[in-house]
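Peer 1: 3D model of this:
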Amino acid sequence: MDTPRTSNTSQFKMKRVVAIAGIAALTIGLAACGSSSKESSSTDTTTASGSSDFSKLTPDSFPADFSAMKQLTDVAAKGKGLIGVLLPDTTTSARYESYDRPYLIKAFQTAGLSDGDFKVDNAQGSATTMQTQAEADITNGASVLLIDAIDSGSGAAIEKNAKDKGVAVIDYDRLTLGGPSGRNYVSFDNVEVGRTIGKGEISCIDAWKVAKPNVLVMDGAATDNNAKLFSQGYNEVLKPKFDDKSYVKVGEPPGTWTPADAATTFQQQLTAHPETNAVVTPNDGVAGAVISVLQSQKVPAKTFPTTGQDATTDGLQNILKGYQCGTVYKPNAAEAQVAAAIAIFLRAGEDVPASLLNGKTKDSESGEDVSSALLTPIWVTADNMNDTVIKDGIVSASDVCVPAVAAACTAAGIK
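Peer 2: Numbering: from 1, shown residues only. A predicted model of the protein is given here:
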């Protein structure tokens, strides 16, 4: 509302009284509007005056419909430069191209960025390719790089080069050990991911009535810091079982994310330890490799527990077939939105809201506590599949419920 100008006439005093009364009335009106704003949702960041207040924006503020990203349009409009996204591969997990790429693109676009404001690349497992992609982004005016490094060594070099050239850096999904100071990290609480896998293994051993569990523990690649955190989590949960001799730990061989290598490792371990009757597998890809070996040996369903992570279509189908106990669902849509939001703030030269960075993650090489946005994982079984990954649109019922598992889908209420 425009306030009337005061004039320097003989009636100045009278108009001054009127002006003061008007200001008082306006103040009361604004106070009333402010009190009504308390009824808005916690994810509504627009104040009564029309400005944005992101003090309540948290990693839990981003629903699967991407509506929260619309609140960032003004911030996105202020930004300059390219946001470069560097994804690692297409072999260790289907998630990068099936989920991360489309979700990141949707998040940026919903916030109002044009296709020329961001670029998503996949290094196809080559650290050299990722370095080339990063350098190209910087040459093309990148102001932010969002990096899911193939390994910490190459990732730290890419990040240092970017920071030296004034480019902000975000670690996406896994922490780059030895990376530069002042970066942000977006992921899940990965020790808790591991604990969730361990708890799922114990629950499944009980449900499937595995007598005298002899458990093989399989890890992800040693070059991946997340794999170390997952292992920390599930070994923490399983240790009391091993210590009290209710379970036997038959081994924990060097890890890998490559399914073909995981199948070879499992076959070797099974030959060396034929008493093995349960296995901790750290993601759906490794679980699928193990399951292929079990099926080739005619091992019946619901007799040999495996675990998983990433809620892939294959993993969900293996759960329905009774060969996989469950999978850790990490809502990738939320993770992508949180990462995109942080990138948008940094691109605009603004501080990332403290509420969005809800934790610290220790970089074991640099010793730095990296400011982190950490989301919560969910354990998915046949019982809650319909209410989690299907409901969130991560995968469709038609994709999961192929003829081989149609009856199991019906029994689980998946539709």
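
Peer 1: show me where the stretch 151-300 of the chain has helices.
Peer 2: Applying DSSP state H, counting those that start in this stretch to the stretch 151-300 of the chain gives helices spanning 152-164, 190-207, 225-243, 259-272, 284-296.

Peer 1: Quick check: which of the ones you listed is nearest to Ala340?
Peer 2: helix 152-164 (17.8 Å; Cβ to Cβ). For glycine as for every other residue, the C-beta is placed from the backbone atoms N, C-alpha and C.

Peer 1: just the CA coordinates of that closest one, formatted as CSV?
Peer 2: This file holds the C-alpha atoms of helix 152-164, laid out as CSV (Å, rounded to 0.1, in the frame of the first residue of the first chain):
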residue,chain,number,x,y,z
SER,A,152,38.1,-40.0,-3.1
GLY,A,153,41.5,-39.6,-4.7
SER,A,154,40.3,-38.4,-8.1
GLY,A,155,37.3,-36.6,-6.5
ALA,A,156,39.5,-34.6,-4.1
ALA,A,157,41.7,-33.4,-7.1
ILE,A,158,38.6,-32.4,-9.0
GLU,A,159,37.2,-30.5,-6.0
LYS,A,160,40.5,-28.7,-5.2
ASN,A,161,40.8,-27.5,-8.8
ALA,A,162,37.2,-26.2,-8.7
LYS,A,163,37.7,-24.4,-5.3
ASP,A,164,40.9,-22.9,-6.5
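
Peer 1: immediately after the worst-scoring helix or strand of the chain on mean pLDDT, which helix or strand?
Peer 2: Least confident helix or strand of the chain, by mean pLDDT, DSSP states H and E, is helix 12-36 with a mean of 37. Counting by DSSP states H and E, the next helix or strand C-terminal to helix 12-36 is helix 73-78.

Peer 1: Can you name the residues in contact with that following helix?
Peer 2: With Cβ atoms under 8 Å, 6 or more residues apart in numbering as the test, helix 73-78 has contacts from Ser52, Ala111, Gly112, Leu113, Asp117, Ile344, Phe345, Arg347, Ala348, Gly349, Glu350.

Peer 1: next one: it to chain centre, how far?
Peer 2: 23 Å (Cα atoms, centre = their mean, to the nearest Å).

Peer 1: and the next element down the chain from that helix?
Peer 2: strand 82-87.

Peer 1: For that next one, which helices and strands make contact with it?
Peer 2: Strand 82-87 sits against helix 101-110, strand 118-122, helix 127-139, strand 142-147, helix 332-347, with contacts defined as 3 or more Cβ pairs under 8 Å, 6 or more residues apart in numbering; DSSP states H and E.

Peer 1: buried set for that strand?
Peer 2: Within strand 82-87, the residues scored as buried using 16 or more other Cβ atoms under 10 Å are Leu82, Ile83, Gly84, Val85, Leu86, Leu87.

Peer 1: Quick check: mean pLDDT of that strand?
Peer 2: For strand 82-87, mean pLDDT is 98.

Peer 1: so what strands line up beside that strand?
Peer 2: strand 118-122 (parallel), strand 142-147 (parallel) (DSSP bridges).

Peer 1: List the contacts of it.
Peer 2: So strand 82-87 is contacted by 96-97, 100-101, 104, 108, 113, 116-123, 130, 133-134, 137-138, 140-149, 158, 172, 340, 343-344, 347 (Cβ under 8 Å, 6+ apart).

Peer 1: With stretch 359-368 instead?
Peer 2: Against stretch 359-368 from outside (Cβ under 8 Å, 6+ apart): 152, 175, 177-179, 181, 185, 187, 189, 225, 369-374.

Peer 1: let's go with 6 Å and repeat that
Peer 2: Leu175, Leu177, Gly178, Ser181, Tyr185, Asp369, Val370, Ser372, Leu374 (Cβ atoms under 6 Å, 6 or more residues apart in numbering).

Peer 1: Export it to PDB, keeping only CA atoms.
Peer 2: Written as PDB, here are the backbone C-alpha positions of stretch 359-368 (Å, rounded to 0.1, in the frame of the first residue of the first chain):
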ATOM      1  CA  GLY A 359      24.400 -32.500  10.700                       C
ATOM      2  CA  LYS A 360      28.200 -32.900  10.400                       C
ATOM      3  CA  THR A 361      30.100 -35.700   8.800                       C
ATOM      4  CA  LYS A 362      33.700 -36.400   9.700                       C
ATOM      5  CA  ASP A 363      36.200 -36.400   6.800                       C
ATOM      6  CA  SER A 364      38.600 -39.000   8.200                       C
ATOM      7  CA  GLU A 365      41.500 -37.800   5.900                       C
ATOM      8  CA  SER A 366      41.300 -34.000   6.500                       C
ATOM      9  CA  GLY A 367      39.800 -34.200  10.000                       C
ATOM     10  CA  GLU A 368      37.200 -31.700   9.000                       C
END
